[in-house]
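*Asks:* Predicted model and sequence follow; I will ask about them next.
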Amino acid sequence: MPGVTHDQAPLLADLMPWSVAPLRPGRGWPMGPDAVSLKARWAALVRAEGAEREALFRPTRSRTPHTAVAQLPGHRGGTGRLAGERGPCPEPVRILHGPFDEQWLIPDHRLIDVARPELWRVAGAGQLFAVEQGYVAGAAGPVVLASAVLPDGHSPAGRPGRIRPLFRRPGGREPNVAPGLLGHLSQALGQEVTARALLAWVLATASGSAAGCRVPLTADAGLWARGVELGERLLRLHLRGDGERPKLPGGRRPYVRAPLPARPGSLSYEAEERVLRVGDEGVISPVPKEAWEFEVSGVRVLERWFAARAAGGGAEPGTLEAIRPAAWPQAWTSELLELITVLALIAELAPYQEELAGEDGHRITVDELGRAGVLPAPDGARRPASVLDHREEGPGGQFALI
């Protein structure tokens, strides 16, 4: 950007100061692409006794069937020791498992080594999450993704990034933004700047390096409006339509041309015909080359998504992970078509992002924010807000104020 070096742009870590490290599940079986399999895995676990249950559970230093832990905030999982559990499976919830891959998770704290309860406390209606992606030198693709469902922060390659809730309290209250930043931007731009507008700007303009994700801010109202409008389009795509399913124009929409096999084990692409082959028999077309080649942190999104659902999935026989759908569910086909659409539409916006990055105009630098007293953000802004009126069940049914 003319007159402004990359390191003069503020870090996302300073603009949205409260962040949480990725979840550490500790075992793979409580998460998967379909909820029915998770319930079957739970049923197999609670049918087992003693040493068999322990082996199926896969103990770690943090969790064994005898570990007593508190409930996950907002969910009614048990707090007794799992060794004696006989009840039904807690209802699985949607979770973002890495880039553009919504899966299901059993929301039981006894199953997850490090669940990050502070994230669960603020998840739900009104909340959005910005997820930094692992940095890989020279790799293309977005450096920040947004989600309305709880992200686990998993990165397909490179150092995992941080999870930054847009709001510090449930219900979309108290923006997770450096104190004074929204007011400073509003004054500089001559218009009200909201937390969501800032997130949209981040999605449109952020760039990454090994030193961290940086966000070039502007005091040019016209440039800001264009960036926020572009970022809103990206945000709606990251959220899979935000209430309205994304669609490619007629004639470019992908369709199933030949039914997908019951247990596809491979995924391939024929660029000349714009055909995606799923297994030996399944055919989806037209599929834009940009969707097939779309990468995050150097890994192709479509290939990674399929690998989590392919026949076998790499699970060891006799484990809970091996309990999977007997045949490819129709819901996965719908999700695949939607994912192709989302990736193609995001790829179409990349030239507009590049154009925006090359625009001239007054930039708001780290030094300017420092002189305005916005940066550095106070230590309290980097810690989660206390929820004084929220009761959570602790180990063995004990209650405590958080």
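*Replies:* Perfect, I can see it now.

*Asks:* and Pro30, what is it in contact with?
*Replies:* 38, 41, 105-106, 108, 111-112 (Cβ atoms under 8 Å, 6 or more residues apart in numbering). From N, CA and C alone the C-beta is placed, and that goes for glycine too.

*Asks:* Any figure for the gap between the closest residue in space to Asp152 that isn't next to it in sequence and Arg300?
*Replies:* Once flanking residues are discounted, Asp152 sits nearest to Leu23: 4.3 Å by Cβ to Cβ, 6 or more residues apart in numbering. Here the criterion is Cβ to Cβ, to the nearest Å. By it, Leu23 lies 24 Å from Arg300.

*Asks:* Which elements pack onto the helix or strand in which Val283 is found?
*Replies:* For Val283, the host element (DSSP states H and E) is strand 282-285. Packing contacts for strand 282-285, counted by 3 or more Cβ pairs under 8 Å, 6 or more residues apart in numbering; DSSP states H and E, involve strand 255-258, strand 275-278, helix 330-357.

*Asks:* Past the longest one, which element shows up next along the chain?
*Replies:* Read it as helix 330-357. strand 363-364.

*Asks:* And the residue nearest to Asp152, how close does it get to Ser285?
*Replies:* 37 Å.

*Asks:* what do you get for Arg110?
*Replies:* Counting by Cβ to Cβ - Arg110 and Ser285 are separated by 45 Å.

*Asks:* quick one, what contacts Arg173?
*Replies:* Applying Cβ under 8 Å, 6+ apart, the residues near Arg173 are 126, 167.

*Asks:* how about a cut-off of 7 Å?
*Replies:* Arg173 sits next to Phe167 when contact means Cβ atoms under 7 Å, 6 or more residues apart in numbering.

*Asks:* Beta-bridge partners for it, please?
*Replies:* As for beta bridges, Arg173 partners with Arg169 under DSSP bridges.

*Asks:* And the pLDDT at it?
*Replies:* pLDDT, Arg173: 95.

*Asks:* Glu273 now?
*Replies:* Glu273 is assigned a predicted lDDT (pLDDT) of 96.

*Asks:* Could you find the closest non-adjacent residue to it?
*Replies:* Counting by Cβ to Cβ, 6+ apart, the nearest residue to Glu273 once its immediate chain neighbours are dropped is Ser285, at 6.8 Å.

*Asks:* Next, give phi and psi for Ser207.
*Replies:* phi -130, psi 160 (degrees, to the nearest 10).

*Asks:* helix/strand/coil for Lys302?
*Replies:* You called it Lys, but residue 302 is Leu. The three-state assignment at Leu302 reads helix, by DSSP: H, G, I helix; E, B strand; the rest coil.

*Asks:* Count the residues that sit near the nearest residue to Arg252 once chain neighbours are set aside.
*Replies:* Ranked by Cβ to Cβ, 6+ apart and with sequence neighbours excluded, the top spatial neighbour of Arg252 is Pro286, at 6.3 Å. Look at Pro286: counted by other Cβ atoms under 10 Å, it has 19 neighbours.

*Asks:* domains for this structure, by residue range?
*Replies:* 6-246+358-401, 255-344 (automatic domain parsing).

*Asks:* For these, give me CSV that also has distance to Pro351.
*Replies:* Putting these into CSV (distance: least, Cβ to Cβ, whole Å) gives the following:
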stretch, distance to Pro351
domain 6-246+358-401, 11
domain 255-344, 11
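
*Asks:* Among those, show the one with the smallest mean pLDDT.
*Replies:* domain 6-246+358-401 (a mean of 92).

*Asks:* Let me see the contact set for Arg110.
*Replies:* 63, 67, 69, 78, 82.

*Asks:* now those as JSON lines including secondary structure and distance to Ala206?
*Replies:* Conversion of the contacts of Arg110 to JSON lines gives the following (DSSP: H, G, I helix; E, B strand; the rest coil; distance: Cβ to Cβ, whole Å):
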{"residue": "Arg63", "secondary structure": "coil", "distance to Ala206": "35"}
{"residue": "Thr67", "secondary structure": "coil", "distance to Ala206": "39"}
{"residue": "Val69", "secondary structure": "coil", "distance to Ala206": "36"}
{"residue": "Gly78", "secondary structure": "coil", "distance to Ala206": "41"}
{"residue": "Leu82", "secondary structure": "helix", "distance to Ala206": "41"}
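
*Asks:* Between which two of those is the distance greatest?
*Replies:* Arg63 and Gly78 (13.6 Å; Cβ to Cβ).

*Asks:* Which one of these two is surrounded by more residues?
*Replies:* Remark: of Arg63 and Gly78, Arg63 carries more neighbours, 21 against 18, as counted by other Cβ under 10 Å.

*Asks:* circling back: tell me which two of the contacts of Pro30 sit farthest apart.
*Replies:* Largest separation among the contacts of Pro30 by Cβ to Cβ: Arg41 and Ile112, giving 14.2 Å.

*Asks:* out of these two, which sits in the more crowded spot?
*Replies:* Ile112 (25 against 21).

*Asks:* Compare Leu23 and Ser285 and say which is more crowded by neighbours.
*Replies:* Taking neighbours as other Cβ under 10 Å, Leu23 and Ser285 compare with Leu23 leading, 24 against 16.

*Asks:* Tell me which residues of stretch 284-291 come out buried.
*Replies:* 284-288, 291 (16 or more other Cβ atoms under 10 Å).

*Asks:* Highest mean neighbour count across the helices and strands packed on strand 282-285, which stretch is it?
*Replies:* When you average the neighbours per residue for each of the helices and strands packed on strand 282-285 (mean count of other Cβ atoms under 10 Å), strand 275-278 leads with a mean of 22.

*Asks:* roughly how far is that strand from the heart of the chain?
*Replies:* Put simply, strand 275-278 sits 26 Å off its chain's centre (Cα atoms, centre = their mean, to the nearest Å).
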